[in-house]
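Asker: here is a sequence together with a model predicted from it:
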Amino acid sequence: FREETNPAIQAIQPPADGEEMIWIDIQGLGDEALLRQVAEPFGIHPLALEDIVNIPQRPKCEEYGDQLLIVVKEIHGDNPRELEMHQVSIVLGPRYILTFQQSHFDLFAPIRQRLQPAEARLRNHGTDYLAYVAIDTVIDNYYSRLDMLGDCLERWEEQAVSEPTPVLLQELNLIKNRVADLRRGLRPQIQALQGLAREQHSAVSQEVQLFLRDPSDHCVQTMEVLEMYREMISNLLNTYLTAVSQHTNDIMKILTIISSVFVPLTFIAGIYGMNFEHMPELGNRWAYPFVWMTMILVAGGMLHYFYRKRWIGVGGMVSAVPEGVQQTEPPPLTRDDRPAPLPNSHEISPNQSTRRAG
């Protein structure tokens, strides 16, 4: 095993008969002329090269003579707001494999680490098995992104009930669009990988086809998790709107109670504020304190009545539960009620570079 970083273009050539296998990993697709120089010695078909350069492309698996073009999608982003799908193209040929990554992210660093030991199992297989490992690495990287998204949704679920704000609504709509984009990109990838695992290809052995069922199943699991997240986001939006509506109703209830208390007080003040000359109460020495006492008693009586009806309470508004009905706490979740955890994911450490391994 020999690894080179940023080799000269002239040194990138297909392996001759009897030579070791070669793996070319290219990160970034900005220089189309450079990509064509790399592809020319390997005889990559113009249509295949066009699919590699012109992004984004639908995930696919197409055969060009003794070469096989595989286009898959990786989920890129360090936080849920930046999640997006980047293209990874794999050209599989006799004794060589070329990988083209859209982003400058060392996605295949774990594979090179596995190739380092002399007794590594990966070194005893062909390029088709290496292509399978590359696809599996791309898909295993999904789980860390899904875990990050799930943790964020759990935090927003609490915030949607306790503190619904317009910023939260914007976040939910943004993540809803991100999840829709991910689902749109993964749907054709499932079909492409299932076809790759079933159909015969000259560049892929039957033994490797059995292994390709694993990333196909992982894609299906990822799609199911994204569907669950889509439903969670829809429920969070409904919860947000319900919480905002409930908060508005509580405010209106408070204002209504205040208005109800002041209605009889306004009536009393209105009567004794009229400019009639003959009003017997006005001549009484205790008339003024008596009116004040009457207004205080009326207001206090109404507040006591509202409290007995559980329309108001100490510490804020309370729900209108009929008297005699006991409120109970919901039972705690059992082990069977909790959602199953996602499969363990491989940890990938970023390291930007372009390498040639053979």
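Answerer: That came in fine, so what should we check first?
Asker: phi and psi next, for Leu236.
Answerer: phi -70, psi -40 (degrees, to the nearest 10).
Asker: what sits against it?
Answerer: Neighbour list for Leu236: 153, 156-157, 160, 172 [criterion: Cβ atoms under 8 Å, 6 or more residues apart in numbering]. C-betas here are computed from N, CA, C, even on glycine.
Asker: leaving out sequence neighbours, find the closest residue to Gly185.
Answerer: Nearest non-adjacent residue to Gly185, counting by Cβ to Cβ, 6 or more residues apart in numbering: Met85, 4.3 Å away.
Asker: ok, that neighbour - contacts?
Answerer: Counting by Cβ under 8 Å, 6+ apart, Met85 has contacts 56, 73-76, 181-182, 185.
Asker: which of these are buried? Put it as a PyMOL command.
Answerer: Buried residues within the contacts of Met85, by 16 or more other Cβ atoms under 10 Å, are selected in PyMOL with:
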select buried, resi 73+74+75+76+182+185
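Asker: what about the spatially most central residue of the chain, which SS state?
Answerer: Central residue of the chain (Cα atoms, centre = their mean): Leu149, 3.9 Å from the mean position. Of the three states, Leu149 takes helix according to DSSP: H, G, I helix; E, B strand; the rest coil.
Asker: got the phi/psi numbers for the nearest residue to it once chain neighbours are set aside?
Answerer: Nearest residue to Leu149, sequence neighbours excluded (Cβ to Cβ, 6+ apart): Pro80, at 4.9 Å. Phi and psi for Pro80, reported as degrees, to the nearest 10, are phi -60, psi -30.
Asker: Pro80 and Leu146 touch, don't they?
Answerer: No. Pro80 is beyond contact range of Leu146, at 10.0 Å (criterion: Cβ atoms under 8 Å).
Asker: returning to that earlier point: contacts only, for the residue nearest to Leu149.
Answerer: Contacts of Pro80 were listed using Cβ under 8 Å, 6+ apart, and they are 148-149, 152, 175, 178.
Asker: and the gap between it and Pro110?
Answerer: Using Cβ to Cβ, to the nearest Å, one gets 24 Å for the distance from Pro80 to Pro110.
Asker: ditto for Leu297
Answerer: Distance, Leu297 to Pro110, by Cβ to Cβ: 79 Å.
Asker: same deal with Glu171?
Answerer: 32 Å.
Asker: swap in Trp23?
Answerer: 14 Å.
Asker: of the two, who's got more company?
Answerer: Trp23 (21 against 17; other Cβ atoms under 10 Å).
Asker: work out the gap between the host helix or strand of the more buried one and the centre of the chain.
Answerer: For Trp23, the enclosing helix or strand under DSSP states H and E is strand 22-27. Computed by Cα atoms, centre = their mean, to the nearest Å, the separation of strand 22-27 from the middle of its chain amounts to 30 Å.
Asker: following it, which helix or strand comes up?
Answerer: helix 32-39.
Asker: Provide the contact partners of that following helix at residue level.
Answerer: So helix 32-39 is contacted by 9, 12, 24, 26, 29, 49, 52-53, 91, 98, 100 (Cβ under 8 Å, 6+ apart).
Asker: from those, which single one is nearest Ala287?
Answerer: Of all these, Ala287 sits closest to Leu29, with 91.7 Å by Cβ to Cβ.
Asker: got the angle for the strand holding Trp23 vs helix 32-39?
Answerer: Per axes from the mean of the first three to the mean of the last three Cα atoms, to 10 degrees, the angle that strand 22-27 makes with helix 32-39 is 170 degrees.
Asker: what pairs with strand 22-27, parallel or antiparallel?
Answerer: strand 96-101 (parallel), strand 355-357 (antiparallel) (DSSP bridges).
Asker: check those for me: which has the lowest mean pLDDT.
Answerer: Of all the strands paired with strand 22-27, mean pLDDT reaches its minimum on strand 355-357 (a mean of 47).
Asker: between the contacts of helix 32-39, which is nearest Thr256?
Answerer: Leu29 (63.1 Å).
Asker: extract the residue ranges of the protein that are flagged as low pLDDT.
Answerer: Along the chain, segments meeting pLDDT under 70 span 1-4, 6, 8-10, 17-19, 314-358.
Asker: any idea which residue of this protein is furthest from its center?
Answerer: What lies farthest from the middle of the chain is His278; by Cα atoms, centre = their mean that is 77.2 Å.
Asker: hang on, the earlier thing: from Met148, how far out is the residue nearest to Leu149?
Answerer: 6 Å.
Asker: and what of Tyr132?
Answerer: Taken as Cβ to Cβ, the span from Tyr132 to Met148 is 26 Å.
Asker: cool, Gly30 as well?
Answerer: Using Cβ to Cβ, we find Gly30 at a distance of 28 Å from Met148.
Asker: more crowded one of these two?
Answerer: Neighbour count, other Cβ under 10 Å: between Gly30 and Met148, Met148 has more, with 16 against 8.
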